[in-house]
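> Here's my sequence, what's the structure:
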Amino acid sequence: MERLLNKQRILNIMQSNDVDVLMATIPENVLYASGFRSLSQWLIRGRKTPVVVVLNTNGDLTLVAPAGELDRAACNPPAVDRIIAFDTVTIEPGHEAIWLSEDRRYAEIALSAGRPAGLWEALSMLDLQNASCVAIDDPDLAAAYREHYSTNVIDGRPFWQESRLIKTPAELVRMRRAVEITEHALQHSMAAVRVGMSERELGAIFEAALLEAGGQPYLTVIGGGTFGAYPNHVPGDYRIKAGDLIRWDVGCEYNGYVADIARTACVGDPNELQSRRWQAVLAGQVAALEAIQPGVPASEIYRIGMDAARNAGLPEIKRKHIGHGIGIDMYEPPSISPHETLILQPGMVFELEVLFYEFGFGSTQVEDTIHITPDGYECFTTLPHELFIVGN
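So this is what the prediction gives:
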């Protein structure tokens, strides 16, 4: 598996903070650190399945997990130097002569004799007790570790967040593909719009196209008429009418990374108000895009985009932000907002979205996925900046 983690970046972060051992146990950080996704971790959040990735200052990565979670590691080997399985798994070995290569790998990982019985016994195999400073991203595990070893344990979440802020080439490949799949499905559902069909039908068409293209449904906000102004709208029974604006704020998940893009369409020709507000939103988006380059404060992009939208005929627009970072999570740093302190750097990926909501009117929105490059930016989104006309 190609490594998602920027190992040198995270090691530099550890060194600058005098951290000897850094652990990831939040599912998103486990995925980033190792490429491994524990099913129980992602599906049963309240139980906190004890899956841990351990990184030391030598750069050695170890995945520690219950044996029953590691079938996925047999099918898709994670990007780690060592796997330690603990506890038991109730799989009978059967006849080794008919094993597949995946069976053999899983047996080597999970059925070997002398496995540790639990997490603490597994961690003891890594000789961590002499570490002066350990950083852990889960407060419960951090408290337990501090009590177990009587050592200095600090919050590891800021370190993982700082590392994940700058995307690696492997991450960018997944993110581009997520956007491609989402654009394909969005166009497919736009082409299907007919007066009288329900939002629910549009949502089903969109998600079916995602699945066919290799994505997993993740974000399906499709609102017609007034429901376009509902930020988190679930496509429902509202039936599309001539003259409606329809807002797609949609995305998929692809190999652990998500997309989030938006476009607006009008069912038939737009009226004067719809056109004016769309043009104002677009003016804000274009002005913000033109200002993007490394070294510019994220807060300045917000100011430029909002000022342009207001000056173009939408003085009533109010937004807490006009964008947000994206990656494994849909909302990551930086925030394109007035109080963000981060400066744009090469490798950052974020959404840029200027939009306007109003009951009865609905919404005009455009949202693009932006990757900061050394000399400017790359836009992953390829759909044109236009108010689409649908339903003909």
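
> Hmm, N76 and G35 touching each other?
Yes: assessed by Cβ atoms under 8 Å, G35 is found in contact with N76 at 7.4 Å. For every residue, glycine as well, the C-beta is placed using N, CA and C.

> which one of these two has more residues nearby?
Taking other Cβ atoms under 10 Å, G35 and N76 do not tie; G35 has more neighbours (23 against 13).

> Next one, pLDDT for that one please.
Note for G35: predicted pLDDT of 97.

> quick one, strands of the stretch 201-350 of the chain?
216-224, 245-254, 257-258, 261-267, 323-325, 332-335, 349-358 (DSSP state E, counting those that start in this stretch).

> Make CSV from these and add distance to D127, mean pLDDT and mean neighbour count to it.
CSV is the format used below for the strands of the stretch 201-350 of the chain (distance: least, Cβ to Cβ, whole Å; pLDDT from 0 to 100; neighbours: other Cβ atoms under 10 Å):
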stretch, distance to D127, mean pLDDT, mean neighbour count
strand 216-224, 39, 98, 21
strand 245-254, 37, 98, 26
strand 257-258, 34, 98, 26
strand 261-267, 47, 98, 24
strand 323-325, 36, 98, 24
strand 332-335, 34, 98, 21
strand 349-358, 37, 98, 23
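
> Let me have the ones you listed in CSV, adding distance to E2 as columns.
Below are the strands of the stretch 201-350 of the chain laid out as CSV (distance: least, Cβ to Cβ, whole Å):
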stretch, distance to E2
strand 216-224, 20
strand 245-254, 14
strand 257-258, 13
strand 261-267, 25
strand 323-325, 22
strand 332-335, 20
strand 349-358, 17
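
> These: which one's closest to P158?
strand 332-335 (10.5 Å; Cβ to Cβ).

> any idea which helix or strand carries E102?
Assigned by DSSP states H and E, E102 belongs to helix 101-110.

> Could you report the distance from F227 to T264?
13 Å (Cβ to Cβ, to the nearest Å).

> Look through this protein and tell me its longest strand.
The residue-count maximum for a strand in the chain (DSSP state E) belongs to strand 362-373.

> so how far is that strand off the chain centroid?
Relative to its parent chain, strand 362-373 has a centroid offset of 15 Å by Cα atoms, centre = their mean, to the nearest Å.

> helices or strands up against the first helix or strand past it going along the chain?
Once the chain leaves strand 362-373, the next helix or strand it forms, by DSSP H and E, is strand 376-379. Contacting strand 376-379 under the criterion 3 or more Cβ pairs under 8 Å, 6 or more residues apart in numbering; DSSP states H and E are the following elements: strand 362-373.
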